[in-house]
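K.L.:
below are the sequence and a predicted model; questions follow.
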Amino acid sequence: MAAPVKTPGKPLGRKGCQFVVLTARAAPNTKIRMAAILITTITLLVPALSRTPITRT
């Protein structure tokens, strides 16, 4: 069995050679605000849902 191939210390995709088109952009302010509202809503709904009685059919 052959020895595994070692990865070079600094491969091209690891901060070495990146395509401008494929790099992630910063999130717009709208998405950041909507995420904060969603997190708040989920935080409030989880305890309320845990108190809802479970019915079986």
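P.N.:
Cool, the structure landed.
K.L.:
low-confidence ranges, this protein, go.
P.N.:
1, 7-26 (pLDDT under 70).
K.L.:
try it again with 90
P.N.:
Counting by pLDDT under 90, the chain shows low-confidence ranges at 1-33, 47-57.
K.L.:
that one: helices as residue ranges?
P.N.:
29-50 (DSSP state H).
K.L.:
what is the neighbour count of residue 56?
P.N.:
3 (other Cβ atoms under 10 Å). All C-beta atoms are positioned from the backbone trio N, CA, C, and that covers glycine.
K.L.:
burial check on residue 4, number of neighbours?
P.N.:
Using other Cβ under 10 Å, residue 4 has 6 other residues around it.
K.L.:
over to residue 54?
P.N.:
Residue 54 has 4 neighbours, counted by other Cβ under 10 Å.
K.L.:
ok, now residue 38?
P.N.:
Neighbouring residues of residue 38 were enumerated by other Cβ under 10 Å; the total is 10.
K.L.:
same thing with residue 34?
P.N.:
12.
K.L.:
number the chain from 44, please
P.N.:
In the new count, where the first residue is 44, that last one comes out as residue 77.
K.L.:
ok, it to residue 93 distance?
P.N.:
Distance, residue 77 to residue 93, using Cβ to Cβ, to the nearest Å: 25 Å.
K.L.:
repeat for residue 48
P.N.:
Distance of residue 48 to residue 93, computed by Cβ to Cβ: 51 Å.
K.L.:
before we move on, what about residue 85?
P.N.:
In terms of Cβ to Cβ, residue 85 sits 13 Å off from residue 93.
K.L.:
between the two, who's got more neighbours?
P.N.:
Neighbours per residue (other Cβ under 10 Å) separate residue 85 from residue 93, with residue 85 holding more: 10 against 7.
K.L.:
noted, bye for now.
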